[in-house]
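Visitor: What follows is a protein structure lacking sequence information:
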């Protein structure tokens, strides 16, 4: 995916400053956390799970502000949800949630806020809304933000798939295609990809079309 422009980096910085003001975070700790996040999201092996993805979700959060019960929870979850990202690991979401909890505690954040942020991040592992998390009203919309990429134009979706594959370049092609096809098939088998009616109406059809096309391409290239 493309790197952020200077204007986009300024936009991202303003979003961070706004979150820190809402959390009433100590400026020194806020800067330390910002530096730490930067070191992770600009890692060279990241091609999709980088600041461009974070900014896209923050823009959704701003666009749908009136739909959120607690925008603070969603904003914090967005910033931390992919901070730990190792394609060889199986616990990225859990580790990202632990880091979110650590930093939010440093800022003196209320425990209920921390718990909600952690629940949002952990839920991205399977993109399901657990029954015991129904008390977090913004979780469905947060998950829809994260999967909105699936319903974009064919060109944007293709760039996304190429970026994901680049993050798994250490995996042999045949194994990558088989694993990716399995994941996408599981998505198509769901009754619906998006939890909220708003995102269902916006992206469900195009997301299923994009996924079906990618599966067809993966199947084609699986032949000798």
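Guide: Yes, it's here. Predicted model, so just to flag it, every value in this text is computed and none were measured.
Visitor: Now do the same for residue 170: helix, strand or coil?
Guide: Using DSSP: H, G, I helix; E, B strand; the rest coil, the structure places residue 170 in coil.
Visitor: check contacts around it.
Guide: Remark: with contacts taken as CB atoms under 8 Å, 6 or more residues apart in numbering, residue 170 is in contact with 87, 88. C-beta: built from backbone N, CA, C; applies to glycine.
Visitor: mind checking the backbone torsions on it?
Guide: For residue 170, the backbone dihedrals (degrees, to the nearest 10) come out as phi -80, psi -10.
Visitor: what separates it from residue 187, distance-wise?
Guide: With distances defined as CB to CB, to the nearest Å, the gap from residue 170 to residue 187 amounts to 23 Å.
Visitor: care to break this structure down by domain?
Guide: The chain is divided into the following domains under automatic domain parsing: 6-137, 149-220.
Visitor: now those domains in JSON lines, with mean pLDDT and distance to residue 143?
Guide: Converted to JSON lines, those look like this (pLDDT from 0 to 100; distance: least, CB to CB, whole Å):
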{"stretch": "domain 6-137", "mean pLDDT": "96", "distance to residue 143": "5"}
{"stretch": "domain 149-220", "mean pLDDT": "97", "distance to residue 143": "6"}
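Visitor: hey, which of those domains is tucked in deepest?
Guide: Mean neighbour count, computed with mean count of other CB atoms under 10 Å, is highest for domain 6-137 among those, reaching a mean of 17.
Visitor: surely residue 30 meets residue 107?
Guide: Yes. When contacts are counted by CB atoms under 8 Å, residue 30 is listed as touching residue 107 (7.4 Å).
Visitor: Can you check which residues contact both of those two?
Guide: In contact with both residue 30 and residue 107: residue 20, using CB under 8 Å, 6+ apart.
Visitor: Show me what the helix ranked longest in the chain is packed up against.
Guide: Longest helix of the chain, by residue count under DSSP state H: helix 197-220. On a contact count with 3 or more CB pairs under 8 Å, 6 or more residues apart in numbering; DSSP states H and E, helix 197-220 meets helix 139-147, helix 154-167, helix 173-188.
Visitor: what's next to it, contact-wise?
Guide: With contact meaning CB under 8 Å, 6+ apart, helix 197-220 is reached by 64, 67, 141, 144, 147-148, 150-154, 157, 161, 177, 180-181, 184-185, 187-188, 192-194.
Visitor: hmm, 10 Å instead?
Guide: 60, 64, 67, 140-141, 143-145, 147-154, 156-158, 160-161, 176-185, 187-188, 190, 192-194, 196 (CB atoms under 10 Å, 6 or more residues apart in numbering).
Visitor: of all the helices and strands packed on helix 197-220, which lies closest to residue 92?
Guide: With CB to CB as the criterion, residue 92 lies closest to helix 154-167 of these, at 11.4 Å.
Visitor: Please list the residues outside the closest one that contact it.
Guide: Contacting residues not belonging to helix 154-167 are listed as 1-2, 45-50, 52-53, 85-87, 149-153, 171, 173, 176-177, 180, 184, 206-207, 209-211, 213-214, 217-218 [CB under 10 Å, 6+ apart].
Visitor: Which pLDDT value goes with the residue nearest in space to the middle of the chain?
Guide: Using CA atoms, centre = their mean, the residue of the chain that lies closest to the mean C-alpha position is residue 146, 4.3 Å off. Looking at residue 146, its pLDDT reads 99.
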